[in-house]
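**Student:** Structure for the following, please:
(chains A and B)
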Amino acid sequence: MRNIEIVWALKDIANYLEFKGDNYYKIQAYRKAARVLAGSPRAIREMYKDGTLKDVPGVGKNILSKIGEMLENGECSLLQRLRSEIPPGIIEIMQVPGLGTKKARLFYENLNIKNLDELEQAARKKQIRVLPGMGAKREQEILRYIKMQRKNTGIFLLSLARELAVEFMNFLEAYPCVSDVFAAGSVRRWNPLVKDLNLLVSTEFPDDLILDIEKHPLVDEVLYRDKHRLKLKTIWMIMLDIIIIPPASFYPALVKATGNEGHWEALCELAVRQGVFLDPEGLYDERGRLIPITSEKEIYRKIGIDYIPPEMRENRGEISLASSGDLPVLLDKKHIKGDLHMHSNWSDGKNSLEELVAKAQEKGYSYVAVTDHSQSLKIARGMPVEKLQKQIEYIEYLNNKFKELTILSGIEVDILSDGSLDYPDDVLSRLDIVVASVHTAFKQDREKMTARIISAIKNPHVDIIGHLTGRILGYRDAYQVDVDKVIEAAAEYNTALEINASPDRMDLSEDNAYRAVKHGVMLSIGTDAHDLRRLGEIDYGISVARRAWLGPEHFLNTMDASELLNYLGRDYD
DNA sequence: GCCGTTTTCGGCCCGACTGTTTTCAGTCG
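**Tutor:** All right, here's what the predicted structure looks like:
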């Protein structure tokens, strides 16, 4: 079993126990273990084997033995029992925003509602509003959410698809007969949400390989099979399409499978104008002879244009730019000098400042901004002023100790519902960098929310607005906010907007990021990481920038520490 | 169920907001 499956199982146990009305702290213990393990950079299986799993905070004797059971038998008897006692659809009902255990039980006991379908029917028949504590408004909210869920059926977060891709790529690359494997399609273009995963495998010997792939433990069902293609349903519910390509036609096939349809068609037309012919099997000269191709770059060059990075292959004008040699230089990992949004165990993060710094150094950063939560966000252990002051002093101490990397004293300060900030100005002025974000009162109307955020933008101590729209992909829509007005204000007051790199946020969206830059707004990328593993999610933030055609000049993170502090109006010593 | 300037069981947990009420339970970040 992989980390993610163990984490899912622990969360499931917590959900079922919650529905049963079990002890609150027991439930929290399962949730905490799941959260900690989700952030683990190491394989749980390995830690179990070498005996270090018991040292993970939140993993005690009991949970350790449950995990052991899962690793050894592939399942956990407690979870199996819970699943047999409680209809699994109940858990989905508990996930509906505004509903929880109590409401799910209310529906189950009064109307025998066991899943979202039954809940939807009851809501349509106006049977929900008459239950105690419920009303017409709640009923509408339920229907709205179920509609959104239906729209998102079969759509997955890019991060999950990429994790699946890594599993199968590692598996396939271990075969000596396989010369290349690529994840293509929307996954390679870094679409934030994807429908399926296409893997292209280059090999001359597909037969045994196909039989072996079918036996992979993540495969749930074979939907289609022929000599060159395998369509699979995985146990993660993501559809996996494996296409076997002979090495000679691998790169044309990869180009075809990576770009969207419009991009491919435009390339084919362009090829004809250049006197060559492009199809998925190869590139041919005017006399129909196959031109040997050894890379994607070569294909683009042979049809007379510059190489187009996968993130741009959406047929949004990239081909004409590539024809005239005007493709922008895109932001790249190598440009990123630091991460500007992360949480430590001073608030709700899992790791100490020292651990974060060590990881950041490993990633080659020259600085990081530590931006823990501010005082009013109690659940996230938001820091009272005195604690913040201590953190500032401790960071100063660390900066003196570790000269190789600069730690910026930062904060993710709450924008309170009236637009004021969660610390007074004299406190904010002590910090190197201030990220201001909305974490409460999401349901304010558009006007109020917009004014609220703009008033934060106007505060001279605020450097960056964090996760501007609050969206959680596939779960929560953006709150009502006039993004254009916010962008205007950000430009006027020289406040940067964040691309929050968390794969379930990707907020700013690529469209908003593009618009902001066009209005002269600077951007930052922050992972919002709460543990070491998630520091790696900077890649998702970079992908938003690249899909928005943005280069290093638009980002705070590409400045070095002194340049950045100067830009932010802070002294550097 | 986990944890402990630990050894045995008590503490862990937070307050604003919402939609429902007409004083509050349930949900959420």
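
**Student:** Ends of stretch A:50-59, what's the gap?
**Tutor:** 15 Å (Cα to Cα, to the nearest Å).

**Student:** Looking at it now, give me its mean pLDDT.
**Tutor:** For stretch A:50-59, mean pLDDT is 91.

**Student:** For it, buried residues please.
**Tutor:** Within stretch A:50-59, the residues that count as buried by 16 or more other Cβ atoms under 10 Å are A:L53, A:V56, A:G58, A:V59. The C-beta positions use only the backbone N, C-alpha and C, and glycine is treated the same way.

**Student:** Kindly reformat those residues as a markdown table containing distance to A:L330 and secondary structure.
**Tutor:** Shown next, in a markdown table, are these (distance: Cβ to Cβ, whole Å; DSSP: H, G, I helix; E, B strand; the rest coil):
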| residue | distance to A:L330 | secondary structure |
| --- | --- | --- |
| A:L53 | 41 | helix |
| A:V56 | 38 | coil |
| A:G58 | 40 | coil |
| A:V59 | 41 | coil |
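
**Student:** if we look at DNA strand B, which of the residues you listed are close to it?
**Tutor:** A:G58, A:V59 (Cβ under 7 Å from any atom of the strand).

**Student:** any idea which helix or strand carries the residue located most distally from the centre of chain A?
**Tutor:** What lies farthest from the middle of chain A is A:R287; by Cα atoms, centre = their mean that is 47.6 Å. In this structure, A:R287 is located outside every helix and strand according to DSSP states H and E.

**Student:** how close does it sit to DNA strand B?
**Tutor:** Distance, A:R287 to DNA strand B, using Cβ to the nearest atom of the strand, to the nearest Å: 63 Å.

**Student:** Can you show me the helices along the stretch 401-550 of chain A?
**Tutor:** A:425-428, A:446-458, A:483-493, A:510-518, A:538-547 (DSSP state H, counting those that start in this stretch).

**Student:** what's the most buried one of those?
**Tutor:** Counting by mean count of other Cβ atoms under 10 Å, helix A:538-547 has the highest mean neighbour count of the helices of the stretch 401-550 of chain A, with a mean of 25.

**Student:** Show me what counts as buried in the helix or strand just after that helix.
**Tutor:** For helix A:538-547, the following helix or strand on the C-terminal side (DSSP H and E) is helix A:561-567. Of the residues in helix A:561-567, those buried by neighbour count under the rule 16+ other Cβ under 10 Å are A:A561, A:L564, A:L565.

**Student:** Near DNA strand B, which residues of the stretch 1-150 of chain A are found?
**Tutor:** Counting by Cβ under 7 Å from any atom of the strand, the stretch 1-150 of chain A comes close to DNA strand B at A:23-26, A:28-30, A:33, A:57-64, A:96-104, A:129, A:132-139, A:141.

**Student:** buried subset of those residues?
**Tutor:** Buried members of those, counted by 16+ other Cβ under 10 Å: A:29-30, A:33, A:58-59, A:63, A:96, A:99, A:101, A:103-104, A:134, A:138-139, A:141.

**Student:** Residue of the stretch 101-250 of chain A closest to DNA strand B, please.
**Tutor:** The stretch 101-250 of chain A approaches DNA strand B most closely through A:G135 (2.0 Å), counting by Cβ to the nearest atom of the strand.

**Student:** That residue - nearest residue in space that isn't next to it in sequence?
**Tutor:** Distance criterion Cβ to Cβ, 6 or more residues apart in numbering; nearest residue to A:G135, sequence neighbours excluded, is A:R129 at 5.4 Å.

**Student:** returning to what we had before: closest one to A:H263 among the helices of the stretch 401-550 of chain A?
**Tutor:** helix A:538-547 (13.2 Å; Cβ to Cβ).

**Student:** Tell me what angle the closest one forms with helix A:510-518.
**Tutor:** Per axes from the mean of the first three to the mean of the last three Cα atoms, to 10 degrees, the angle that helix A:538-547 makes with helix A:510-518 is 70 degrees.

**Student:** pLDDT of helix A:538-547, averaged?
**Tutor:** Rounded mean pLDDT across helix A:538-547 is 98.

**Student:** Would you work out how far apart the start and end of stretch A:413-429 are?
**Tutor:** End residues of stretch A:413-429 are separated by 12 Å (Cα to Cα).

**Student:** Can it be said to contact DNA strand B?
**Tutor:** Yes. Judged by Cβ under 7 Å from any atom of the strand, stretch A:413-429 comes into contact with DNA strand B at A:S417.

**Student:** Could you list the buried residues of that stretch?
**Tutor:** Within stretch A:413-429, the residues scored as buried using 16+ other Cβ under 10 Å are A:V413, A:D414, A:I415, A:L416, A:G419, A:L421, A:D422, A:Y423, A:V427, A:L428.

**Student:** cool, and stretch A:160-179?
**Tutor:** Neighbour-count burial for stretch A:160-179, counted by 16+ other Cβ under 10 Å, picks out A:160-165, A:167-169, A:171-172, A:175, A:178.

**Student:** same deal with stretch A:457-471?
**Tutor:** Here stretch A:457-471 shows A:457, A:459, A:461-471 as buried, counting by 16+ other Cβ under 10 Å.

**Student:** Check stretch A:1-21 too.
**Tutor:** For stretch A:1-21, using 16+ other Cβ under 10 Å, the buried residues are A:1-19.

**Student:** Pull the residues that contact it.
**Tutor:** Under the criterion Cβ atoms under 8 Å, 6 or more residues apart in numbering, residues A:26-28, A:30-31, A:33-34, A:37-38, A:40, A:43-45, A:63, A:66-67, A:70-71, A:74, A:76, A:78-79, A:82-83, A:85-86, A:90-91, A:94, A:101, A:104-105, A:160, A:163, A:167, A:235-236 lie in contact with stretch A:1-21.

**Student:** And the residues you listed, which of them are buried?
**Tutor:** Using 16+ other Cβ under 10 Å as the burial test, the contacts of stretch A:1-21 include A:27, A:30-31, A:33-34, A:37-38, A:40, A:44-45, A:63, A:66-67, A:70-71, A:76, A:78-79, A:82, A:86, A:90-91, A:94, A:101, A:104-105, A:160, A:163, A:167, A:236 as buried.

**Student:** For the residue nearest the centre of chain A, give me its contacts.
**Tutor:** Nearest to the mean C-alpha position of chain A, by Cα atoms, centre = their mean, lies A:P503 at 0.8 Å. Remark: with contacts taken as Cβ under 8 Å, 6+ apart, A:P503 is in contact with A:L157, A:L158, A:S159, A:P192, A:L473, A:E537, A:Y540.

**Student:** what's the neighbour count on A:K233?
**Tutor:** 14 (other Cβ atoms under 10 Å).

**Student:** how much space between the closest residue to it other than its chain neighbours and A:I244?
**Tutor:** Of all residues not flanking A:K233 in the chain, A:E221 sits nearest, at 4.3 Å (Cβ to Cβ, 6+ apart). According to Cβ to Cβ, to the nearest Å, A:E221 and A:I244 sit 19 Å apart.
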